[in-house]
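Colleague: my questions concern the predicted model and sequence given below.
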Amino acid sequence: MTGVLAPLPVLLPLLGAAAALLVGRHPHIQRALSLVVLAAVLAVSVVLLLTADADGAVSVAVGGWRVPLGIVLAVDRLSALMLVVASTVALGVLVFAVGQGNADGDEGTPVSIFHPTFLVLVAGVSNAFLAGDLFNLYVGFEILLMASYVLLTLGGTAPRIRGGITYVVVSLTSSLIFLAAIALIYAATGTVNMAQLAVRLGELPAGTQLLLHSLLLIAFCIKAAVFPLSAWLPDSYPTAPAPVTAVFAGLLTKVGVYAIIRTQTLLFPDGALDDVLLWAALATMLIGILGAVAQTDLRRILSFTLVSHIGYMVFGIALGTTAGLAGAIFYVAHHIAIQTTLFLVAGLIERQGGSTAVDRLGGLAGSAPVLAVLFFVPAMNLAGIPPLSGFIGKLGLLEAGVAVGTGPAYVLIAGGVLTSLLTLIAVARVWTRAFWRPAAQAPSEDTAAAAAAAAGPERAPASGTADESEPEPEPQPEPEPEPELIGAGASGVRRAARRAAWQRHTDVATAASAEGQPGERRGLPRVMVLTTGGMVALTVALTGIAGPLYGLADRAAADLRERTPYIESVFGPREVP
Amino acid sequence: MTPTVVLPVLIGGLYAAGVYLLLDRSLTRVLLGFLLLGNATNLLLLSAGGPSGGAPIVGISEPEEMNDPLPQALILTAIVITFGVAAFLLAMIHRSWRLVREEVVGTDEEDRRVAARKATDRDELDPDDLAPDDRPAAHADSLHAPGDGDAEPLADDVHLPRRRARR
C-alpha cells in the first residue's frame, strides 16, 4: 500500500505540471487541474502519515533496483509529517493565488507559467522530504530551487531581478557546497544511500567525519537561513508576489531545517558540532529579530522574523536530546503554517492599504476589521502568546533546554525568551501603526511629496499618474555628460556613469514600489479573504490538536534518535551490510 | 596504479579561480565563476570514483578492471542541472541589462533607507518632552508649526528620491 503511494507526492505534481503546461491556454482548466493535483497530494500525504505512524517507517526502491544500488524513497514519521504540513500550506496558497488571479485578471503574473512552476516546486519539496539517498536529496533541492528562481522573478521587474540575482547566486553556492560534500562522502564511504551512510560514516576517522559533517551543515544552513548564512533571505523574499513569498517563507527554509535534522540524527549522531549550532541558533534568533524591529516594511519585518524563528528550530536540534528534537519538529510544523499565513495577510494588507510600508498605513482596524482579526491572531501566535501553538512550541523547546541544564542551554533559553518578547514588539508596532492609529496620523502622500520637495528641487516627484503609466521603462539612452565631468579622468567618468545608472535603477525601483501606493487600493476579493481565514483557522486549530501533534513529534524524534527504524526500513530487519 | 597529481591541481585551481570570480560585483564574472566552480565540483565527483579503469560495460572489460560508474552518472545529472541554472542566470543578467543598463549586483534600496533613518520615530516621541518649537502643530502647547525652526523636521522615514520628470 505505502509502496504504491510513496512516490505519488513527487510524481503527481510533476505530471500535473506537464498537463498544466499543455492546457496553458485555458486558465480555468489549468486552475482546476492544479487544485485537484494538490488536493490529491494532500490526501496521499495524510494516508502516508497515518500508515507511517501506525506501522513505522517504510521505504520504496524506485524502479525495483536492489537497495543500496537504486534510488530509495523512505517515509518515516518525520518526512510524512513534513509532507502533510507542506501540502496543506501549498494548497492554501494556491487557492489564494487563484483568488488573486481572478481578481486581477492575471495582469503582471503570467498565470500560464505560475501554475506549472508551483507544481514543480511542490514536487521538489516532496522529493527532498522523501529522498532516501543524498544525491536524490540534492536533486530534490535543485528541482525546488529551479522552480523558486522562476517564481521569484515572475514578471521580471527591476526589483525582482535585483532580489532574484542575490537569491540565485547564494542558492547556487550552497548547492555547489552540497554537491562537493556528496563527492567527498562518496569518496570516503563508497555510497550515497543515507541508511548505508548512517553505518559507514561512523567508521571513518574523526577528522574526516568532522570535515564532511561541517560541509553538509554549511550547505544546509545556507538553505535554512541560519546566521551568519542568512543575509540573503530578507534581501530577496520581499520583492516577490504575495503568494510566492508566502510559500517560500513557509516551505523552502524548512526543507533546509529538515535536512539539518537528518544530518544531525541519521548521518552524524555523535553531536560533534552541536555546540557550534547552539551558538548559531542564539545569533540567528537575536540578530534576526533585531533586524525585524528595525524595519518599517511589513514584508521585510516578516522576513526577519522568519530568520529569527529558524533559530528556535536549530536550538531544539542542537540540544541533541529527544525532547529538544520533538520541540523542533513541532515548531517546524507550527512555523510553516504561521509564517505562510502572515505573508498571505501581508498580501491582503497591501491590497487594502495600498502599501506594505508600515509608516504609510493607518486606520486599517476601522476600515477593514476582518483583516485586523486575520492579522492579529497569527501575529500573537508568532510571538508566542498563550494558549496558541507558538507558545506551546516555545515552551516545549525551553523545557527541553532546562532538561539539558548546561550553561549554554540556559543562555539559549534566555535568548529564546528575549526573542519572543522582541517578536511581540515587532508585530505590536505593526499593529499599532497599520491598524490602530487613525488614518489621519499616517503620513499622507501630500506630506511625503512636500518633504521630497523640501529635500531639493531635483528630487521633486513626478506626478503619481506618470509613475504608473510606465511599469517597465525601456532602457533610456545614456545621459549627456554633466558639465563638471568634462575633463575628469576616466575613472571619474566611469564612476559618474555608474552613479547615473544607479540613479536610474533607483527610479525604476521607486516606480515599481510606487505602483501599490495610495491611489491603487484594490478591494479584498472574497476568495482571498476566505483562504486566509482558513489558514488562520488552521493555525488556531494547531493549538487544538497540539496534544496529538506533539505526541507525534515525540514519536518521530524518538525514531530519529534511535536511527534503527529508518535504517531497517531501507534494508529490512536483516543484517545491515 | 600511480596516483595522478593532475586532477587535484586542476580542481584546486578551478575552485580558486571560481571563488575569485564569484566574489566580483559584475554578474558576467559571477556567471563565469559559477561555471568554473561547477566544473571543479564535477571533477571532484569524478576523482571520487577512484582510480581510472575500463568502461563499465559487461562484455567490454573485466569486472575487476571496471571504473566506478556511479560518479559518472552523478556527474551527468549535475552537468544537466548546472547547464539549466547557468542558462537561467544568463537570462537574468540579460534582463538586468535591459532594465537598468547595469550588470552588477544591485543595491538594496530598502536597506539604505533603513540605515538612513533616524533612531527615534516621530510618533514615539512625547511632545511634552520636546522644546516648544519642535512640537507638532496639532499639540496643545505648540507655538509654531513644525519645520519653521532651525531643528530638522523629525521624519519617521526617509523618502527615496523620486523619479525625475521624464524627458
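Modeller: Looks like it arrived, so ask away.
Colleague: B:Gly59: how many residues sit nearby?
Modeller: B:Gly59 is flanked by 5 other residues according to other Cβ atoms under 10 Å in any protein chain shown. Quick note: C-beta positions are derived from backbone N, CA and C, even for glycine.
Colleague: how far away is it from A:Ile413?
Modeller: Plainly put, B:Gly59 is 65 Å away from A:Ile413 if you go by Cβ to Cβ, to the nearest Å.
Colleague: what do you get for A:Ala40?
Modeller: 43 Å.
Colleague: quick check: residues of the stretch 101-250 of chain A near chain B?
Modeller: A:135, A:139, A:142, A:146, A:149-150, A:153, A:156-158, A:161-166, A:168-169, A:172-173, A:175-176, A:179-180, A:182-184, A:186-187, A:192, A:235, A:238 (Cβ under 8 Å from any Cβ of the partner chain).
Colleague: try 6 Å
Modeller: Proximity of the stretch 101-250 of chain A to chain B is confined to A:135, A:142, A:149, A:156, A:158, A:161-162, A:165, A:168-169, A:172, A:176, A:179-180, A:183, A:186-187, A:235 under the rule Cβ under 6 Å from any Cβ of the partner chain.
Colleague: among the residues you listed, name the ones in helices.
Modeller: Using DSSP state H, the subset of these located in helices is A:135, A:142, A:149, A:158, A:161-162, A:165, A:168-169, A:172, A:176, A:179-180, A:183, A:186-187, A:235.
Colleague: and the strands in chain B?
Modeller: Here chain B has no strands by DSSP state E.
Colleague: can you pull the domain assignment for it?
Modeller: Chain B breaks down by automatic domain parsing into domains covering B:3-51+B:67-100, B:125-160.
Colleague: quick check, pLDDT for the nearest residue to A:Ile29 once chain neighbours are set aside.
Modeller: Excluding the flanking residues, the one nearest A:Ile29 by Cβ to Cβ, 6 or more residues apart in numbering or on different chains is A:Val23, at 4.7 Å. Per-residue pLDDT puts A:Val23 at 85.
Colleague: the closest residue to chain B within the stretch 1-150 of chain A - how many residues pack around it?
Modeller: Closest to chain B within the stretch 1-150 of chain A is A:Glu142: 4.9 Å, counting by Cβ to the nearest Cβ. A:Glu142: 25 surrounding residues under other Cβ under 10 Å.
Colleague: so what's A:Phe135 closest to, chain neighbours aside?
Modeller: With sequence-adjacent residues excluded and distances taken as Cβ to Cβ, 6+ apart, A:Phe135 is closest to A:Val192, at 4.8 Å.
Colleague: one step back: any idea how far A:Val244 is from the residue nearest to A:Ile29?
Modeller: In terms of Cβ to Cβ, A:Val23 sits 22 Å off from A:Val244.
Colleague: same check, this time on A:Ile113
Modeller: On the measure of Cβ to Cβ, A:Ile113 and A:Val244 end up 12 Å apart.
Colleague: same check, this time on A:Leu38
Modeller: A:Leu38 is 15 Å from A:Val244, by Cβ to Cβ.
Colleague: who has more neighbours, these two?
Modeller: Using other Cβ under 10 Å as the criterion, A:Leu38 and A:Val244 rank with A:Val244 on top: 27 against 24.
Colleague: so who does the more buried one touch?
Modeller: Applying Cβ atoms under 6 Å, 6 or more residues apart in numbering or on different chains to A:Val244 gives the contacts A:Leu151.
Colleague: doesn't it fall inside a helix?
Modeller: Yes. Applying DSSP: H, G, I helix; E, B strand; the rest coil, one finds A:Val244 inside a helix.
Colleague: lowest average pLDDT across the domains of chain B?
Modeller: With a mean of 54, domain B:125-160 has the lowest mean pLDDT of the domains of chain B.
Colleague: coming back round to it: any idea how far the residue lying closest to the residue of the stretch 1-150 of chain A closest to chain B once chain neighbours are set aside lies from B:Leu44?
Modeller: Excluding its sequence neighbours, the residue lying closest to A:Glu142 (Cβ to Cβ, 6+ apart) is B:Ile81, at 4.9 Å. Counting by Cβ to Cβ, the gap between B:Ile81 and B:Leu44 amounts to 15 Å.
Colleague: what does A:Val169 give?
Modeller: From A:Val169 across to B:Leu44, the span is 20 Å (Cβ to Cβ).
Colleague: these two: who's more crowded?
Modeller: Neighbour count, other Cβ under 10 Å: between A:Val169 and B:Leu44, B:Leu44 has more, with 26 against 19.
Colleague: so A:Pro387 sits in a helix?
Modeller: No. A:Pro387 sits outside any helix when classified using three-state DSSP, being coil.
Colleague: which strand or helix spans the closest residue to it other than its chain neighbours?
Modeller: Take A:Pro387 and drop its neighbours on the chain: the residue closest to it by Cβ to Cβ, 6+ apart is A:Thr543, 6.1 Å away. Per DSSP states H and E, A:Thr543 falls inside helix A:526-544.
Colleague: so where is chain A shaky, pLDDT-wise?
Modeller: For chain A, the stretches with pLDDT under 70 are A:1-2, A:102-111, A:440-523, A:573-577.
Colleague: the residue most central in space within it - nearest residue in space that isn't next to it in sequence?
Modeller: Residue closest to the mean C-alpha point of chain A, counted by Cα atoms, centre = their mean, is A:Ala249 at 2.5 Å. Using Cβ to Cβ, 6+ apart and skipping the chain neighbours, the partner closest in space to A:Ala249 is A:Gln339 (4.7 Å).
Colleague: next, the angle helix A:526-544 makes with the helix or strand in which that neighbour is found.
Modeller: Assigned by DSSP H and E, A:Gln339 falls within helix A:322-353. Relative orientation of helix A:322-353 versus helix A:526-544 (axes from the mean of the first three to the mean of the last three Cα atoms, to 10 degrees): 160 degrees.
Colleague: for the lengthiest helix in chain B, buried residues please.
Modeller: The helix that spans the most residues within chain B, counting by DSSP H, is helix B:69-100. Neighbour counts using 16 or more other Cβ atoms under 10 Å in any protein chain shown place B:70-71, B:74-75, B:77-78, B:81-82, B:85-86, B:88-89, B:92-93, B:95-96, B:99-100 of helix B:69-100 among the buried residues.
Colleague: what packs against it?
Modeller: Applying 3 or more Cβ pairs under 6 Å, 6 or more residues apart in numbering or on different chains; DSSP states H and E, we find helix B:69-100 packed against helix A:134-152, helix A:158-189, helix B:27-48.
Colleague: go again using 10 Å as the cut-off
Modeller: Helix B:69-100 is packed against helix A:134-152, helix A:158-189, helix A:490-514, helix B:27-48, with contacts defined by 3 or more Cβ pairs under 10 Å, 6 or more residues apart in numbering or on different chains; DSSP states H and E.
Colleague: now those as JSON lines including distance to A:Arg299?
Modeller: Output for the helices and strands packed on helix B:69-100, formatted as JSON lines (distance: least, Cβ to Cβ, whole Å):
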{"stretch": "helix A:134-152", "distance to A:Arg299": "13"}
{"stretch": "helix A:158-189", "distance to A:Arg299": "11"}
{"stretch": "helix A:490-514", "distance to A:Arg299": "11"}
{"stretch": "helix B:27-48", "distance to A:Arg299": "25"}
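Colleague: quick one: which of those is nearest A:Met285?
Modeller: Taking Cβ to Cβ, helix A:158-189 is the member of the helices and strands packed on helix B:69-100 nearest to A:Met285, at 21.0 Å.
Colleague: for the helix or strand following the closest one, the distance to its chain's centre please.
Modeller: The first helix or strand that comes after helix A:158-189 along the chain, using DSSP H and E, is helix A:194-200. What separates the centre of helix A:194-200 from the centre of its chain is 29 Å, taken as Cα atoms, centre = their mean, to the nearest Å.
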